[in-house]
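Undergrad: Here's my sequence, what's the structure:
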Amino acid sequence: MAVHLPEGTAGAGDVRRTGLGSGPMQPRRTFPPLRGLLPLAVGIGAWQLWGPTRSPYFPRPSRWVQGLQSLWDAGLLMPAAAQTLTTFALALLLATVLGATLGIVVGRSPTADRALGPTLEFARAIPPAAIVPVAALLIGYDTSMKVAVVTFAAIWSVLLNTRAGVRALDPVLIDMARSLRLSTADRLRKCFVPALAPSIFLGVRVAAPVALVITLLVEIVTRLDGIGALMANAQRSYLAGQVYGLILVAGLFSFVVTGVVSFLQAYVFRHRPGP
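TA: Predicted coordinates:
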């Protein structure tokens, strides 16, 4: 029997269009749009055309390419880039795991929050460069020290966002896990981690550029292998072309890192409906 809807009543297709039904999942953007680099490209092109020819401080971009080519020919650019990216990746992974774990503990336990809160706030206010001497003294003057310092700098956004996510959890979710008598591991795996994933990823997206910047800073300060060490050596030798070229490489690293984190976030949330 056919059902006749009154005039002005939304049908099934209208429900999808008005957002009242589930509707098709919307595609998620997994990489920053390349058009965002257009102003940078225009600025570099204008610099190349109208920039000073022999300036020791503001060399044209063509000299940046020459500086990077000289580092490539000397076999220094690729090992330094690999060292920087390895330090960054290890530090971001550790910051994510430790920050999410501490955030869950502090957010779920008022006692732990009161006990650890002042210490965490004190540690969060310490500049990362200030702990380099202490880390070198305790850990050694090597890559492990770099990873520790970068992890220390990047952990806070993950920790704080996870703590805020735990405090904002729906009480119904907690009561359901308790009524089903789930074990602690099952509660984390089936309830808390899926519910906290958006907060954790938000912290990671904030922590990723911070980790990359601090990685370069530690390499500049300590002269350990990496893009930052090459940048410091070029600056000390007044090789402005190499300095600007390495800055451009670091900026491209940041762009790619943002895209990778966005891709991972879109992959994890691929089964959730889009906005």
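Undergrad: Distance from the host helix or strand of F255 to the middle of the chain?
TA: Assessed by DSSP states H and E, F255 sits inside helix 240-268. For helix 240-268, the separation from the chain centroid amounts to 10 Å (computed by CA atoms, centre = their mean, to the nearest Å).
Undergrad: Check stretch 104-114 too.
TA: Relative to the chain's own centre, stretch 104-114 is displaced by 25 Å; criterion: CA atoms, centre = their mean.
Undergrad: Between the two ends of it, how far is it?
TA: Chord length of stretch 104-114, first to last residue, is 14 Å (CA to CA, to the nearest Å).
Undergrad: Pull the distance from stretch 158-174 to the chain's centre.
TA: The chain centroid and the centroid of stretch 158-174 are separated by 20 Å under CA atoms, centre = their mean.
Undergrad: same question for that stretch, mean pLDDT?
TA: For stretch 158-174, mean pLDDT is 85.
Undergrad: How about that stretch, which residues are buried there?
TA: Across stretch 158-174, burial judged by 16 or more other CB atoms under 10 Å covers 158-163, 165-166, 169. Just so you know, the C-beta spots here come from the backbone N, C-alpha and C atoms, and that holds for glycine as well.
Undergrad: So which of the residues you listed is the closest to T143?
TA: Taking CB to CB as the measure, V158 is the one of the buried residues of stretch 158-174 closest to T143, at 21.7 Å.
Undergrad: Pretty sure that closest one sits against T101.
TA: No: V158 lies out of contact with T101 (CB atoms under 8 Å); the separation is 9.6 Å.
Undergrad: quick one, phi/psi of the closest residue to L202 other than its chain neighbours?
TA: Leaving aside its sequence neighbours, L202 sits nearest to N161 (CB to CB, 6 or more residues apart in numbering; 5.1 Å). Backbone torsions of N161, given as degrees, to the nearest 10, read phi -70, psi -40.
Undergrad: List the residues that contact N161.
TA: Neighbouring residues of N161 by CB atoms under 8 Å, 6 or more residues apart in numbering: 103, 199-200, 202-203, 206.
Undergrad: got a list of what S254 touches?
TA: 209, 212.
Undergrad: start at 897 instead
TA: I'll keep to 897 as the first residue from here, and by that count the last item is S1150.
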